[in-house]
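# from the sequence below, what's the structure:
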Amino acid sequence: MTGLDDMRGLDDSPCEVPVGRSLMDRRAFVLACGVAPLIGACARMSYVPGRLASGNVTVSLAELADKPFALVDVPSLKFPIYLHRTATRPDAFTAVLTRCMHRGCTVEPEQGRLVCPCHGSEYTSEGAVLKGPTQEPLIRFAVRVDAADVHILGVA
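Residues are numbered from 1 along each chain as shown. Prediction:
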């Protein structure tokens, strides 16, 4: 079983966005940033490419530089992976899938936590629940770091 198999049984109905909030999927975000690279929101979000091979995703450490976190874009995945540099060990990372376990919306990084724009669920950067309505933590992946790359294990 892979980490993505854990998502079976989630309600696949469309997310409802609260009044006054907007929901932008990954494609819309990428298109907006490609068209308007100077928009502040685009500069805040840090997407890096991930290479999927043998069920693991590899990200170059050079891509991460000194960023505290990055959203790893893997073309075969519907949701990006949130890769977070730990505060206690800058050479260590945590990785979680950005799919909210409540209704399947994409959670977004916001001031050191992950927030669902659909219903307000909040998670720690490690995927633990801070605030409902969700009852389940985000899907978390094991991470291994070598001299050149970060390896996110068991993705597919």
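
# Provide the secondary structure category for Val59.
At Val59 the chain is in strand, as set by DSSP: H, G, I helix; E, B strand; the rest coil.

# lowest average confidence, helix or strand, in the chain?
helix 40-44 (a mean of 45; mean pLDDT, DSSP states H and E).

# which residues touch Lys67?
Ser46, Arg85 (Cβ atoms under 8 Å, 6 or more residues apart in numbering). Glycine gets a C-beta too; all of them are placed from N, C-alpha and C.

# separation between it and Thr124?
18 Å (Cβ to Cβ, to the nearest Å).

# which residues of the chain fall in strands?
Remark: strands assigned in the chain by DSSP state E are 47-49, 51-53, 56-60, 69-73, 81-85, 93-97, 108-110, 113-115, 122-124, 129-131, 140-145, 149-153.

# export those to CSV and tack on mean pLDDT and mean neighbour count?
Below are these laid out as CSV (pLDDT from 0 to 100; neighbours: other Cβ atoms under 10 Å):
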stretch, mean pLDDT, mean neighbour count
strand 47-49, 94, 16
strand 51-53, 93, 12
strand 56-60, 96, 20
strand 69-73, 95, 21
strand 81-85, 95, 23
strand 93-97, 96, 24
strand 108-110, 93, 17
strand 113-115, 95, 19
strand 122-124, 96, 19
strand 129-131, 95, 14
strand 140-145, 97, 16
strand 149-153, 97, 20
